[in-house]
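K.L.:
predicted structure and sequence below. I'll ask about it afterward.
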Amino acid sequence: MGFQFKSINIMNPATFEGAVVYAVVLLVCAVILNRMLRLAVDRALARGSRLHVDRTRIRFISQLAQIIVYIVIFFVYAHLIPALSNLGNAGLASVGVLSVVAGMAAQNTLGNLIAGISLLLYRPFNVGDRLQVTAPTGLETGMIESLSLGYTIIKTDDNRRVVVPNNIMASQTTVNLTRDDSRAICSVTVNIGLDSDLDAVRAILLDIASKNPKAQKIDGCSVTHLDGSGVQLTLSVWCADSLIAGSLKCDLLEVIKKRFSIEGIKIPPVQRVIVDKG
């Protein structure tokens, strides 16, 4: 009989024991639901390359759904427990004041959350895209490693992680280097003397660019400046992305220097303006 009475108390949400039992059961349900959700997301991402799944959207929705699961479980628990229901009705005005205070205290967090939802809806970039962003350290270039509810993490080319709040990512000007077309143009500027054979120099530059395996397409080699000190030629070459463009420029400059030395083409000295302060 005693066991029967105890069982009734445990199953009654109006008692302390019953409230604890319901809390444990609902918490376990929330954990199980979130684990099933994570497994489904991991399975979808594993098939992402074959099904062309938007990885950024799936990760973001997964995190949002996990939070919603806990919120729903909490409201279900509050509805089942009479003490919480009565307390909520009695302290409605206090809850309103606390909500305002909490909202003011967490405005940055809420701003990041809302900005994250905005980034998900408008999708100016996705996980895996290469971006140029302005950080306290200056202009940073890297790949988006993750996009969470509050922050965007960018992995730079030198393996650093730049953590940017979503409200800053949503408000600042960002250069997406891989959106739709990841190609980048590499521009190499060369100065030659006025007495140099312009057509011969242009032919040498085009030949050097055509033999480099990193070059995809030669855009041209035009005269971009002319003055009393010499002629400026700009060689423009398309390559796979901005990272390769930097290394391609270094390769081209080195080969151009060696080739100019062999062909006897002289590069005019840089003109410096000396200001007399006396």
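P.N.:
Sure thing, it's come through. Given the structure is predicted, the values throughout are model-derived calculations rather than measurements.

K.L.:
buried set for stretch 12-25?
P.N.:
Buried residues in stretch 12-25, counted by 16 or more other Cβ atoms under 10 Å: 13, 15, 18, 19, 21, 22, 23. Where you see a C-beta, it was placed from the backbone N, CA and C, and this is true even at glycine.

K.L.:
which residues touch the first one?
P.N.:
Pointing back at residue 13 there. 19, 22, 80, 81, 82 (Cβ atoms under 8 Å, 6 or more residues apart in numbering).

K.L.:
from the residues you listed, which land in helices?
P.N.:
19, 22, 80, 82 (DSSP state H).

K.L.:
surely residue 26 meets residue 78?
P.N.:
No: in this structure, residue 26 is not within contact of residue 78 by Cβ atoms under 8 Å, at 10.3 Å.

K.L.:
neighbour-wise, which of these two wins?
P.N.:
Between residue 26 and residue 78, counted using other Cβ atoms under 10 Å, the more crowded position is residue 26 (17 against 13).

K.L.:
from residue 113, how far out is that one?
P.N.:
Residue 26 sits 24 Å away from residue 113 when distances are taken as Cβ to Cβ, to the nearest Å.

K.L.:
likewise residue 224?
P.N.:
Distance, residue 224 to residue 113, using Cβ to Cβ: 48 Å.

K.L.:
and what of residue 221?
P.N.:
From residue 221 over to residue 113 the distance is 51 Å, taken as Cβ to Cβ.

K.L.:
and what of residue 77?
P.N.:
Distance, residue 77 to residue 113, using Cβ to Cβ: 23 Å.

K.L.:
now residue 186
P.N.:
For residue 186, the distance to residue 113 - Cβ to Cβ - is 40 Å.

K.L.:
now do the helices in the stretch 101-250 of the chain.
P.N.:
Using DSSP state H, counting those that start in this stretch, the helices assigned to the stretch 101-250 of the chain run over residues 107-122, 166-171, 198-210, 242-263.

K.L.:
all good on my end, thank you.
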